[in-house]
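>>> no FASTA, just this:
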């Protein structure tokens, strides 16, 4: 997969508004597949999408979408890219069919092809009889489907989905995530999906790009975000005042292991190899304590945001976990 | 249908394609996703599509029945008096129509044309703003200027239909009635010039106002205000000055018509076409030049304002 040309490539992309820097030297490559663009509100996700569509010029830096230059070939890019905006964008007095046919023609499809593709794509997103009714009466879930359909109707090679699960209930959310997977696996269309909800991305995306404050925090495969990290959580008995923790920490540190306390009387020990397990067991036994917990710690994607991104320590951790996947940063 | 795997479904589809008549009865084909290999016609085609959609939308076509009422009513209201004029002239065996073509628009047609443009310009622009459809258009191959041009062309074309149709009725009626061909053709041409200028100037004013508000009601009221009220005010000022306060011909008071788009077009056409007007204040050649410049300035200015308006969306 990594041999395929990237669908999106940016090089030191910077966007400054008078009051704020929305993107700061962003260099990232997005491979074909389902890629999550993660960032809190105001992280620069929407600005990035606008620049990628060639709608807003970058202050400096350059970029390519599907091998086309974003600064000079915006029209050609928009012909081959679909865009599903975050906000409501459907006129209420028009039916889904009429609207999507119109949008297909706006993408350059001849009238007959526009009608055929509309019928196909509305069926694929799961709109049947409702498609002939005015969209004002649609539920949020149905509206999201129409928005997805208009982004897919011209059979783009890449779709940019801005917060597609916004406002959906859990069932609707699962269905939308299923659709997004289908868009890539069955339709063969690459997907860039933005969200600030991480849980759903773990299940949907192959690759995650995390930006914060307009800067790239991390870009790596989803597996590497959730893979077993080199940490062991250790909890011991007789530790009401925390003194036992300190003893264990001192002993282990003396034995050459990196140890740091975590919340709730838990020590996080860096896993140096199988010997580490034995060493911890023996150390705890020597001190006459009982071992309550000895487990591998899994990184959840959500931790990217709970750790303050600005702290160098956090960034180091993130980078270290990213290494096995061979990442761009 | 969904639990059927895609692989056989795809082959089903291929088999059906190969032998359309051979498919056994009662088989539901799950045609998987089919890509699009056909032509992509690009920016120009997309802009034309937007123009056609706008033109149809201006008459309520492709929209609900309710939205057809007002535009069709205005089209009827502006055309039926023309049919009446023609009928009376033919029945009475008159040698000439009782109204000249530009005069028909200036007297009978003006209000209906103004109502039409005030009601339909917001249909073209304010709805896209209100329902935030504009960003969707801009995610398509067209650029912002294409959007503005397509919408403006659609409204001007719709206005040309509204103002041109009664003139056509008058002209055809005059020819059927065996009236003078040369005279009617010449004045029909003058009428079309007036129709074109009314369409372009009214559309320019109306589109700028409609682009400023996502609320359709505000747009309608503001456009009616600008087009109708300025006409009334200009007429009052000119009337007071020319008829009441000073009576030294067509000079100072004439310039009051500058504030009214409809009067500017009316006076300009009268002067350029050499039509004698009973109403006071037909400008001299200087006036015609100034009014002509104002028309150009209005249209170019409106276009630039619209481009600027859509640059930030």
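Okay, I see it. Please read all numbers here as calculations on a predicted model, not as lab measurements.
>>> which stretches of chain B aren't confidently modelled?
For chain B, applying pLDDT under 70 flags the ranges B:1-31, B:241-253, B:276-283.
>>> Mind giving me the packing neighbours of the host helix or strand of residue A:160?
Residue A:160 belongs to strand A:158-162 when elements are defined using DSSP states H and E. Counting by 3 or more C-beta pairs under 8 Å, 6 or more residues apart in numbering or on different chains; DSSP states H and E, the packing neighbours recorded for strand A:158-162 are helix A:45-52, strand A:81-84, helix A:140-152, strand A:190-195. Using the backbone N, CA and C atoms, a C-beta is placed for each residue, glycine as well.
>>> Provide the contact partners of it at residue level.
Residues outside strand A:158-162 that contact it (C-beta atoms under 8 Å, 6 or more residues apart in numbering or on different chains): A:7-8, A:45-46, A:49, A:52-53, A:65-66, A:80-86, A:148, A:151-152, A:180, A:183, A:189-194.
>>> Among the residues you listed, name the buried ones.
Neighbour-count burial within those applies to A:7-8, A:45-46, A:49, A:52-53, A:65-66, A:80-86, A:148, A:151-152, A:180, A:183, A:189-194; the criterion is 16 or more other C-beta atoms under 10 Å in any protein chain shown.
>>> Following element in sequence after the strand holding residue A:160, please.
By DSSP H and E, the next helix or strand past strand A:158-162 is helix A:170-185.
>>> That following helix versus helix A:140-152: what angle between them?
Relative orientation of helix A:170-185 versus helix A:140-152 (axes from the mean of the first three to the mean of the last three C-alpha atoms, to 10 degrees): 10 degrees.
>>> Please confirm that residue A:11 is located within a strand.
Yes: checked against DSSP: H, G, I helix; E, B strand; the rest coil, residue A:11 lies within a strand.
>>> Quick check: beta-bridge partners of it?
Counting by DSSP bridges, residue A:11 forms beta bridges with residue A:62.
>>> Can you name the residues that contact it?
By C-beta under 8 Å, 6+ apart, the residues touching residue A:11 are A:27, A:61-63.
>>> at 10 Å instead, please
The contact partners of residue A:11, by C-beta atoms under 10 Å, 6 or more residues apart in numbering or on different chains, come to A:25-29, A:61-64.
>>> For chain B, find the nearest of the helices and strands packed on strand A:158-162.
With respect to chain B, and counting by C-beta to the nearest C-beta, the nearest of those is strand A:81-84 at 3.8 Å.
>>> list the helices and strands the helix or strand following that closest one packs on?
Using DSSP H and E, the helix or strand that follows strand A:81-84 in sequence is helix A:96-106. Helix A:96-106 is packed against helix A:111-124, helix A:140-152, helix B:42-58, helix B:134-138, with contacts defined by 3 or more C-beta pairs under 10 Å, 6 or more residues apart in numbering or on different chains; DSSP states H and E.
>>> Output the contacts of residue A:11 as a markdown table; include the columns pLDDT and neighbour count.
Rendered in a markdown table, the data for those read as follows (pLDDT from 0 to 100; neighbours: other C-beta atoms under 10 Å in any protein chain shown):
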| residue | pLDDT | neighbour count |
| --- | --- | --- |
| A:25 | 92 | 15 |
| A:26 | 92 | 24 |
| A:27 | 93 | 16 |
| A:28 | 92 | 22 |
| A:29 | 92 | 17 |
| A:61 | 93 | 19 |
| A:62 | 93 | 13 |
| A:63 | 93 | 22 |
| A:64 | 94 | 20 |
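>>> Reformat those residues as CSV; add distance to residue A:287.
CSV is the format used below for the contacts of residue A:11 (distance: C-beta to C-beta, whole Å):
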residue, distance to residue A:287
A:25, 50
A:26, 50
A:27, 49
A:28, 48
A:29, 50
A:61, 56
A:62, 59
A:63, 57
A:64, 59
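>>> Can you tell me which of those is closest to chain B?
Relative to chain B, and with distances defined as C-beta to the nearest C-beta, the nearest of the contacts of residue A:11 is residue A:63, at 16.5 Å.
>>> Distance-wise, check the closest one relative to residue A:54.
10 Å (C-beta to C-beta, to the nearest Å).
>>> quick one: common contacting residues for these two?
Contact criterion C-beta under 10 Å, 6+ apart; residues shared by residue A:63 and residue A:54: A:69-71.
>>> What values do phi and psi take at the nearest residue to residue A:35 once chain neighbours are set aside?
Counting by C-beta to C-beta, 6 or more residues apart in numbering or on different chains, residue A:35 lies nearest to residue A:207, which is 4.7 Å off, once chain neighbours are set aside. The phi/psi pair for residue A:207 (degrees, to the nearest 10) reads phi -150, psi 140.
>>> Was I right to think residue A:207 contacts residue A:8?
No: here residue A:207 lies out of contact with residue A:8, judged by C-beta atoms under 10 Å, at a distance of 11.2 Å.
>>> anything in contact with each of those two?
The contact sets of residue A:207 and residue A:8 overlap at A:29-32, A:35, A:192 (C-beta under 10 Å, 6+ apart).
>>> Next, check the residues you listed against the strands and list the overlap.
Within those, residues falling in strands by DSSP state E are A:29-30, A:35, A:192.
>>> For residue A:197, give me its contacts.
Residues in contact with residue A:197 (C-beta under 10 Å, 6+ apart) are A:38, A:163, A:165-166, A:173, A:302.
>>> what's the neighbour count on residue 262?
Unless you meant another one, I'm taking chain A. A total of 13 residues lie near residue A:262 under the criterion other C-beta atoms under 10 Å in any protein chain shown.
>>> hm, I was asking about chain B
When neighbours are counted by other C-beta under 10 Å, residue B:262 registers 24.
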